[in-house]
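Enquirer: any chance you can model this:
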Amino acid sequence: MSRMIELSDEVYCELQKEASAAGTTPTEWIAAQVEAARQTGGGTAVPGRSMADALGDYIGAVSSGHTDLSERVGELFADALVEKKRAGRL
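Expert: Okay, the predicted model is just below:
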């Protein structure tokens, strides 16, 4: 069974851009988004694509040169708290 969805021209244009950037068709891109959301329990995660990539056209981004910040967020936060306590600001 197939279904149809009506999209505004603006939304369809953005969909085409995203699909083209991923090297796929709009239909395949949507299917990949649904599958990724199903596998991760929700959200719009796309394997191999960072949040900066997803939002790059909408917000500014700065590269710090560090590639593992999101994996080490707890460690970095704890280090910052220790430093604040050492400096007497906590």
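
Enquirer: in the chain, which spans are helices?
Expert: 9-21, 26-40, 51-55, 73-86 (DSSP state H).

Enquirer: output those helices as CSV; include the columns distance to residue 3 and mean neighbour count.
Expert: From N, CA and C alone the C-beta is placed, and that goes for glycine too. Written out in CSV, the entries for the helices of the chain read as follows (distance: least, Cβ to Cβ, whole Å; neighbours: other Cβ atoms under 10 Å):
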stretch, distance to residue 3, mean neighbour count
helix 9-21, 16, 13
helix 26-40, 11, 13
helix 51-55, 25, 12
helix 73-86, 40, 11
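
Enquirer: closest one to residue 1 among these?
Expert: Each of the helices of the chain was checked against residue 1 via Cβ to Cβ, and the shortest separation belongs to helix 26-40, namely 14.6 Å.

Enquirer: so what's residue 28 closest to, chain neighbours aside?
Expert: Counting by Cβ to Cβ, 6 or more residues apart in numbering, the nearest residue to residue 28 once its immediate chain neighbours are dropped is residue 19, at 7.0 Å.

Enquirer: isn't the one you found up against residue 29?
Expert: Yes. Counting by Cβ atoms under 8 Å, a contact exists between residue 19 and residue 29, whose distance comes to 3.8 Å.

Enquirer: what about residue 85, distance to residue 10?
Expert: Using Cβ to Cβ, to the nearest Å, one gets 50 Å for the distance from residue 85 to residue 10.

Enquirer: who's in contact with the closest residue to residue 25 other than its chain neighbours?
Expert: What sits nearest to residue 25 in space, not counting adjacent residues and going by Cβ to Cβ, 6+ apart, is residue 19, at 5.7 Å. Counting by Cβ atoms under 8 Å, 6 or more residues apart in numbering, residue 19 makes contact with 25, 26, 28, 29.

Enquirer: one more time with 6 Å, if that's ok
Expert: Neighbour list for residue 19: 25, 26, 29 [criterion: Cβ atoms under 6 Å, 6 or more residues apart in numbering].

Enquirer: nearest to residue 37 among those?
Expert: When those are compared for distance to residue 37, the smallest value, 12.8 Å, is given by residue 29; criterion: Cβ to Cβ.
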